[in-house]
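1. coordinates for the following, if possible.
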Amino acid sequence: MKKKFYFIFCLIIPSVILFSGCINETKVNSSNESIDKAKNQLTLEQIKQSYVKTDEKILNTQEYKNYILVESQIPTSANHFTLYNLKTGSKNILPSGVDYIDSVNIINENNIILYSKGTNSESVGQIFPYEIDCTRVTENNSLDGGFIPINKEIKFPIDKQIALMGKKKEEITDIRVTVNGLQICFGPQDSKDVFFYADYTDIPTMDIFFDKTTKEFSLKFQDTKITKSLSNANSLSNGNTFIKLLNLKEDGTSTILTIKLNEEVKYYTGKKAHIDGIENKSPYLDIQFAANNMD
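-> Numbering: from 1, shown residues only. Below is the predicted model:
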């Protein structure tokens, strides 16, 4: 009987010690977390409170290590992002300018990528969505310091549909095939049309779509005609790496450029641009194709 009691006692004692150790470890961990939080100069609640009496409203918050990324917006202005350091209490406004931001990717506290929608709060103009790669150069509380932006084109999957606002009553004046794609130039349907040059010049309102079955990449330009002097557009693809065939035709008030692509084409980039050195700068569309997503 004594041996059995001794055996049970030996089993119970280590269990009690182990349980006690777990309790102590939990207390230590909890205590360490409290100490870490106590060291912070700023809290999420304090950040939220700082916006209460302003016109700027918080849209979203995202935690990363000892940082809080706050998305906020003032009515009629574009949304923007501020990175708060909870330990030091410092903040950095990410340099997105007046662009509307669609999403954000935190690589680390020194590198954050913003994805612009291609629209802004200051004009009705629209460009292709692009990346704003924000890299830290210093940490301070100023509006202009902290991060520098590098704008980068996005390689879209070939079946990515995009619609862009532009101007009306234009015509395609030229198509130039490049090594990896093509450039489409535009002008006014009427040479006396002052609205074409008013404020700024732009390409027509357009849509991009892709037919997976036929491998045809199409650009539809609304309220656009083909200039009479452009007669060889359908024979310009000879020698291009990615383009098999071009087909340009008017469709009611619109013009559609259909591009038959080779199998290896998986991505494309798009850019609105202007011909330099010409008065009133004529606008053109630059489309480039790629087989991979590498820079």
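2. could you use CA atoms for every contact and neighbour count after this?
-> Noted.
3. is it fair to say residue 175 lies in a strand?
-> Yes - counting by DSSP: H, G, I helix; E, B strand; the rest coil, residue 175 falls inside a strand.
4. any idea how far it lies from residue 286?
-> Note on residue 175: its distance to residue 286, by CA to CA, to the nearest Å, is 10 Å.
5. any residues in contact with both of the two?
-> Common contact partners of residue 175 and residue 286 (CA atoms under 8 Å, 6 or more residues apart in numbering): 182-184.
6. JSON lines for those, including distance to residue 131, neighbour count and secondary structure?
-> Formatted as JSON lines, these follow (distance: CA to CA, whole Å; neighbours: other CA atoms under 10 Å; DSSP: H, G, I helix; E, B strand; the rest coil):
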{"residue": "182", "distance to residue 131": "22", "neighbour count": "18", "secondary structure": "strand"}
{"residue": "183", "distance to residue 131": "22", "neighbour count": "18", "secondary structure": "strand"}
{"residue": "184", "distance to residue 131": "24", "neighbour count": "18", "secondary structure": "strand"}
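7. you'd agree residue 284 is up against residue 276?
-> No - judged on CA atoms under 8 Å, residue 284 makes no contact with residue 276 at a distance of 10.8 Å.
8. who has more neighbours, those two?
-> More neighbours surround residue 284 than the other of residue 284 and residue 276, with 24 against 10 (other CA atoms under 10 Å).
9. count of neighbours near residue 130?
-> So residue 130, with other CA under 10 Å, has 20 neighbours.
10. what bridges to it?
-> residue 116, residue 153 (DSSP bridges).
11. what does residue 211 give?
-> Beta-bridge partners, per DSSP bridges, of residue 211: residue 216.
12. residue 219 versus that one, what's the distance?
-> 12 Å.
13. between these two, which is the more surrounded one?
-> Taking other CA under 10 Å, residue 211 and residue 219 do not tie; residue 219 has more neighbours (19 against 12).
14. would you turn the shared contacts of residue 175 and residue 286 into CSV with distance to residue 206?
-> Below are the shared contacts of residue 175 and residue 286 laid out as CSV (distance: CA to CA, whole Å):
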residue, distance to residue 206
182, 16
183, 15
184, 12
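15. ok, of the residues you listed, which one's closest to residue 168?
-> Comparing the shared contacts of residue 175 and residue 286 against residue 168 with CA to CA places residue 184 closest, at 15.9 Å.
16. how confident is the prediction for the closest one, by pLDDT?
-> Note on residue 184: pLDDT of 96.
17. same check on the one 4 residues further on?
-> On the pLDDT scale, residue 188 is placed at 94.
18. separation between it and residue 229?
-> For residue 188, the distance to residue 229 (CA to CA) stands at 14 Å.
19. which one's more surrounded, the two?
-> residue 188 (25 against 9).
20. residues contacting that one?
-> 169-171, 196.
21. next, give me the two most distant ones among the residues you listed.
-> Those two in the contacts of residue 188 that are separated most widely, counting by CA to CA, are 171 and 196, at 10.8 Å.
22. phi and psi next, for residue 49.
-> When read as degrees, to the nearest 10, the backbone of residue 49 gives phi -60, psi -30.
23. so what sits against both of residue 171 and residue 196?
-> With CA under 8 Å, 6+ apart, residue 171 and residue 196 have common neighbours 187-188.
24. quick check: beta-bridge partners of the nearest residue to residue 290 once chain neighbours are set aside?
-> Once flanking residues are discounted, residue 290 sits nearest to residue 267: 5.1 Å by CA to CA, 6 or more residues apart in numbering. Beta bridges link residue 267 to residue 157, residue 290, judged by DSSP bridges.
25. name the helix or strand for residue 47, please.
-> Taking DSSP states H and E as the definition, residue 47 sits inside helix 44-51.
26. give me the buried positions along that helix.
-> Neighbour counts over helix 44-51 (16 or more other CA atoms under 10 Å) mark residue 47 as buried.
27. fine by me, thanks again.
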